[in-house]
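# Predicted model follows, preceded by the sequence.
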Amino acid sequence: MPTNVLYLIEVLANGLMAGVMYSLVALGFVLIFKASGIFNYAQGVMALFAALTLAGIMEGQVPFAHMINAVFGTKIHHFGWHVPALAAIAMTVLVMIAFAWAVQRFVFRHLVGQEPIILFMATIGLAYFLEGVGDLMWGSDIKTLALGLPQGGSRWLEDATAGWGGDDFYGFFIDKLDIVATGVAIVLVASLIAFSQYTKHGRAMRAVADDHQAALSVGISLNFIWILVWSLAGFVALVAGIMWGAKSGVQFSLSLIALKALPVLMLGGFTSIPGAIVGGLIIGMGEKLFEYTFGPMIGGATENWFAYVLALIVLVFRPQGLFGEKIIERV
Amino acid sequence: MTQAAAEPAEKLLEVNNIEVIYNHVILVLKGVSLTVPKGGITALLGGNGAGKTTTLKAISNLLHSERGEVTKGKIEYRGDAIQGLSPEALVKRGVVQVMEGRHCFEHLTVEENLMTGAYTRADGAANIKQDLDLVYEYFPRLQERRKSQAGFISGGEQQMCAIGRAMMSRPETILLDEPSMGLAPQLVEEIFRIVKNLNEKEGVSFLLAEQNTNVALRFAHHGYIMESGRIVMEGPAEELRENPDVKEFYLGVSDEGRKSFRDVRSYRRRKRWLS
């Protein structure tokens, strides 16, 4: 096989994997937007907060250590134990559920029936609040997530494919972490879809997304469903936080991945779970491919803006996104 | 369940002199009282904006999300005050509302719509399945369309879907808001016949808000007539049907033959039932 084609395949494969990472973030947005019409600006910060919490718990850090020390004059910082990864993940999930409950109880319960823009503003406030709490709880130093996820290029794949091309081809380079992320994303999406299609609460979730009032009238508790949805979004944020955190360390810039999710959402539609996935894949692949083919001609670094331009073009021609819910109108 | 239209039946729902205010300023109900007996169909009649829907929503507690509030009066179900209860708790007690304009979940299939009605139930999948079959028995059309998205079925089918969905919660009382809205006369007839059937065979009590006085009074046992936030008249359905004023204003017939609308309006101004 000609080396060029092989490189192209490698670029596409890497694009797909990068796309999966975008999809993970976009998913959280879709969940909340669908069920409550709230565009959750805080989704990226939730990913950061989840990753921070996970790292903190694993290292046995004392939450709010700085505050406690300042008030009581103590010098505690660590409990002195390490929590195994799985237990720490379970505890982080509990924290995210508590967060979902608090958001519902203290913010959105008081804003029922308000304009979408007001709800959106509330999530902006929430984002900054959560960012501050994250720092206060776990400190602002960069943490590493030592979950034991495989990292680095897959040697096996490289060796297996090295002979396919000419002398200048050394085999496909694909990061093992990306492969794991893809697997996790597939499982996550499959279980989310199964949950919303085949369980009672999933059905109620979709019912709430369709018609709040009617859902209330048949006895569905909006409050419960919203807590459920925010918990799910928190869980998705945790998964995204783990994957991105393992890739680039747990630090403030993690919250900016939310910006990458925006074009994914515009492309895939705000209301479609499959849309978030396919949108992510298209953007991941598109930007890698564009960089590979046209990048050198225009000085490179196209990955920074390509996704946004693509999203803009989609917005012009198909405002509901590629997979956004069609508005059913009977004639 | 025995039919209890004639003898004084057990009171299920009692609304006592309630006042409803929207947005803290707009007074919508000005002292409405009514009772719904067990096993009956009670009709709440009146024109647009008379306050029928608000009355139903005040009972089912759906007012809150529309910034409405019951400021005076009492609402009791089986002797317990229910004003503070959430719609969810009410459904568990057996009071469920079918909202005006049907409000099916458009992107869910008909069967999924029906299943959401069973959300509050905890008596097991087998019982729920049994009730699903029962609903299909009453609404064979829904069975044919069970896999279609509810947004794509006809208006009549949507109304059936909404009533069937309410039935899935095994209710004792259904608050049915304007089932005839936007439907062809034949369909209205069909739906009312099913309502009557549900009432007689399943023993479900109905409180029915309706503009179509003619049909409603033929199927109901008892009627209340509302006008601008007040109940202006009440009585057994047959009596209301024969009442000259009801005939004149709501059934469009009078002893002196048909009148032009303008005459009716001035007549109405002269002759207030309650002023």
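Okay, I see it.
# Near chain B, which residues of the stretch 101-250 of chain A are found?
Residues of the stretch 101-250 of chain A lying close to chain B (Cβ under 8 Å from any Cβ of the partner chain) are A:112-113, A:200, A:203-204, A:206-207, A:209-221. Just so you know, the C-beta spots here come from the backbone N, C-alpha and C atoms, and that holds for glycine as well.
# In the helix or strand harbouring B:Val28, which residues are buried?
Assignment of secondary structure by DSSP states H and E places B:Val28 within strand B:26-37. Taking 16 or more other Cβ atoms under 10 Å in any protein chain shown as the neighbour-count basis, strand B:26-37 is seen to contain the buried residues B:Val28, B:Leu29, B:Val32, B:Leu34, B:Thr35, B:Val36, B:Pro37.
# Domain boundaries for chain B, per the record?
Following the assignment in automatic domain parsing, chain B carries domains at B:11-242, B:243-275.
# wait, which of those domains is closest to chain A?
Closest approach to chain A among the domains of chain B (Cβ to the nearest Cβ): domain B:11-242, 3.0 Å.
# chain center to that closest one, what's the gap?
Domain B:11-242 has its average C-alpha position 4 Å from the chain's average C-alpha position, going by Cα atoms, centre = their mean, to the nearest Å.
# Let's verify the residue in the stretch 101-250 of chain A positioned nearest to chain B: helix, strand, or coil?
Using Cβ to the nearest Cβ, the point where the stretch 101-250 of chain A gets nearest to chain B is A:Gly219, with a distance of 3.0 Å. Recorded secondary structure, A:Gly219: coil (DSSP: H, G, I helix; E, B strand; the rest coil).
# Pull the number of nearby residues for it.
The burial count assigned to A:Gly219 is 27, neighbours taken as other Cβ atoms under 10 Å in any protein chain shown.
# which residues sit against stretch B:50-60?
Around stretch B:50-60, the neighbours that count as contacts under Cβ atoms under 8 Å, 6 or more residues apart in numbering or on different chains are A:217, B:13, B:15, B:18, B:20, B:28-29, B:32, B:34, B:44-46, B:63, B:66, B:68, B:70, B:75, B:82, B:87, B:90, B:95-97, B:100, B:175, B:177-178, B:207, B:209-210, B:226-230.
# Of those residues, keep whichever come out buried.
Buried by 16+ other Cβ under 10 Å: A:217, B:13, B:15, B:18, B:20, B:28-29, B:32, B:34, B:44-46, B:63, B:68, B:70, B:75, B:82, B:87, B:90, B:95-97, B:100, B:175, B:177-178, B:207, B:209-210, B:226-227, B:229-230, out of the contacts of stretch B:50-60.
# How about residue 24: what's its closest non-neighbour residue?
Using chain A here. Excluding the flanking residues, the one nearest A:Leu24 by Cβ to Cβ, 6 or more residues apart in numbering or on different chains is A:Ala240, at 4.1 Å.
# switch to chain B, that's the one I care about
Among residues not flanking B:His24 along the chain, B:Glu69 sits closest, at 7.6 Å (Cβ to Cβ, 6+ apart).
# mind listing what's buried in whichever strand or helix holds that neighbour?
Applying DSSP H and E as the criterion places B:Glu69 in strand B:68-77. Neighbour-count burial for strand B:68-77, with 16+ other Cβ under 10 Å as criterion, is recorded at B:Gly68, B:Val70, B:Gly73, B:Ile75, B:Glu76, B:Tyr77.
# could you check the angle strand B:26-37 makes with that strand?
Between strand B:68-77 and strand B:26-37, the angle comes out at 10 degrees (axes from the mean of the first three to the mean of the last three Cα atoms, to 10 degrees).
# quick one: the helices in the chain?
If you meant another chain, say so; for now it's chain A. Chain-ordered helices for chain A, with DSSP state H as the definition, fall at A:3-36, A:43-59, A:65-72, A:85-106, A:116-138, A:155-161, A:176-198, A:200-210, A:212-217, A:222-248, A:257-268, A:273-293, A:306-317.
# um, chain B though
Under the criterion DSSP H, chain B carries helices at the ranges B:52-60, B:87-93, B:110-116, B:125-138, B:140-144, B:155-167, B:185-201, B:213-219, B:237-242, B:244-246, B:261-270.
# mean pLDDT lowest for which of these?
Averaged per stretch, pLDDT over the helices of chain B is lowest on helix B:261-270, reaching a mean of 54.
# Remind me what the strand holding B:Glu69 packs against, helices and strands.
Helices and strands in packing contact with strand B:68-77 are listed as strand B:11-22, strand B:26-37, helix B:52-60; criterion 3 or more Cβ pairs under 8 Å, 6 or more residues apart in numbering or on different chains; DSSP states H and E.
# Those: which one's closest to A:Val184?
For the helices and strands packed on strand B:68-77, distance to A:Val184 was read as Cβ to Cβ. The smallest value, 43.8 Å, belongs to helix B:52-60.
# List the buried residues for stretch A:38-47?
A:Ile38, A:Phe39, A:Asn40, A:Tyr41, A:Ala42, A:Gln43, A:Gly44, A:Val45, A:Met46, A:Ala47.
# cool, stretch A:109-120 as well?
Buried positions in stretch A:109-120, judged by neighbour count with 16+ other Cβ under 10 Å: A:Leu119.
# Start and end of that stretch, how far apart?
Here the two ends of stretch A:109-120 are set 14 Å apart, with distance taken as Cα to Cα, to the nearest Å.
# got it, and stretch B:115-133?
Note: stretch B:115-133 ends 11 Å apart using Cα to Cα.
# Turn the buried residues of strand B:26-37 into a markdown table, columns for distance to A:Asp168 and pLDDT.
Conversion of those to a markdown table gives the following (distance: Cβ to Cβ, whole Å; pLDDT from 0 to 100):
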| residue | distance to A:Asp168 | pLDDT |
| --- | --- | --- |
| B:Val28 | 80 | 91 |
| B:Leu29 | 83 | 92 |
| B:Val32 | 86 | 93 |
| B:Leu34 | 88 | 93 |
| B:Thr35 | 90 | 94 |
| B:Val36 | 85 | 94 |
| B:Pro37 | 90 | 94 |
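# B:Ala122: which of those is nearest?
When the buried residues of strand B:26-37 are compared for distance to B:Ala122 (Cβ to Cβ), B:Val36 wins out at 26.1 Å.
# neighbours of the nearest residue to B:Asn199 once chain neighbours are set aside, just the number please.
Across the structure, with Cβ to Cβ, 6+ apart as the measure, the residue nearest B:Asn199 apart from its sequence neighbours is B:Ile41 (5.4 Å). Residues near B:Ile41, counting by other Cβ under 10 Å, number 27.
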